[in-house]
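Undergrad: All I have is the shape, not the residue letters:
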């Protein structure tokens, strides 16, 4: 072995192997401690990318908003989510409320935060504790002047009619708009704190769409469909 070598061949091989493959190897070999170590490592690796991409996207949104304005930001969000829907978040085959809730929960788990799921006679609500994207960005202090992410100053449909709205979070109102435009009504709608940084948002599925409050439509510039 060369005196100039820093890593062994085995170290290089392991460093380039997917953590999940190493995790499966540890499980198959019965090495519980190694499996736990690798599970923690995989969480940290994904969390690094997850949070990094959230800040990155927010930085791009901030640039669009400051240079081109709110309408350009909405246009960009719509375009991005339309492309996303064609490549990643393709529609599920079953659209009954049970399947919709399970599908959303599977997506939210990707934010790596615990989810509280509550059902009553009227609705089913899902709440991350804390929100693994928008709320985590706020908690990181990314909207402080020294970091520089923008807040939307004036009320707009993509801010649910709120002012000083954290720019990352505009994707939620936009996704509600796109859902209504594509299907005629909400899938999940949001119950939010105002101002938004005062609490976690809830994703809410109403069992009877007629029970969805009129204000949920009005705040994104839509009208509630008339009951059949």
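TA: Structure received. Fair warning: this is a prediction, and the values are worked out from it, not measured in the lab. Numbering: from 1, shown residues only.

Undergrad: and residue 189, backbone torsions?
TA: Torsion angles at residue 189 (phi, psi; degrees, to the nearest 10) stand at phi -120, psi 170.

Undergrad: and the spatially closest residue to it that is not a sequence neighbour, what is it in contact with?
TA: Distances taken as C-beta to C-beta, 6 or more residues apart in numbering place residue 216 nearest to residue 189, at 5.0 Å, with adjacent residues excluded. For every residue, glycine as well, the C-beta is placed using N, CA and C. The contact partners of residue 216, by C-beta atoms under 8 Å, 6 or more residues apart in numbering, come to 176, 186, 189-190.

Undergrad: all strands for the chain, in order.
TA: According to DSSP state E, the chain carries its strands in the segments 115-119, 123-128, 151-152, 165-166, 189-191, 202-206.

Undergrad: Between the contacts of residue 216, which sits nearest residue 22?
TA: Closest to residue 22 out of these is residue 190 (38.5 Å), distances taken as C-beta to C-beta.

Undergrad: what sits against the closest residue to that closest one other than its chain neighbours?
TA: Distances taken as C-beta to C-beta, 6+ apart place residue 201 nearest to residue 190, at 5.1 Å, with adjacent residues excluded. Contacts for residue 201 (C-beta under 8 Å, 6+ apart) come out as 127, 131, 134-135, 172, 190-193.

Undergrad: Show the buried residues in those residues.
TA: Listed as buried from the contacts of residue 201 are 127, 131, 134-135, 172, 190, 192; burial here means 16 or more other C-beta atoms under 10 Å.

Undergrad: Save those as JSON lines, and put in pLDDT too.
TA: Shown next, in JSON lines, are those (pLDDT from 0 to 100):
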{"residue": "127", "pLDDT": "95"}
{"residue": "131", "pLDDT": "90"}
{"residue": "134", "pLDDT": "92"}
{"residue": "135", "pLDDT": "91"}
{"residue": "172", "pLDDT": "95"}
{"residue": "190", "pLDDT": "96"}
{"residue": "192", "pLDDT": "91"}
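
Undergrad: Residue ranges in the chain under the pLDDT threshold?
TA: Filtered on pLDDT under 70, the chain yields the residue ranges 1-2, 228.

Undergrad: again, only using 80
TA: Flagging of the chain using pLDDT under 80 yields the residue ranges 1-3, 89-94, 195, 197-199, 227-228.

Undergrad: can you map out the helices along it?
TA: Taking DSSP state H, the helices of the chain run over residues 9-15, 19-29, 32-68, 70-87, 97-108, 134-139, 171-183, 214-218.

Undergrad: circling back: would you mind giving the contacts of residue 216 as a markdown table with distance to residue 93 added?
TA: Below are these laid out as a markdown table (distance: C-beta to C-beta, whole Å):
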| residue | distance to residue 93 |
| --- | --- |
| 176 | 22 |
| 186 | 19 |
| 189 | 22 |
| 190 | 25 |
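
Undergrad: List the buried residues in stretch 30-41.
TA: Those would be 35, 38, for stretch 30-41 by 16+ other C-beta under 10 Å.

Undergrad: who's in contact with that stretch?
TA: 19, 22-23, 26-27.

Undergrad: still on that earlier bit, so which of the strands of the chain comes closest to residue 72?
TA: Closest to residue 72 of the strands of the chain is strand 151-152 (C-beta to C-beta; 12.5 Å).
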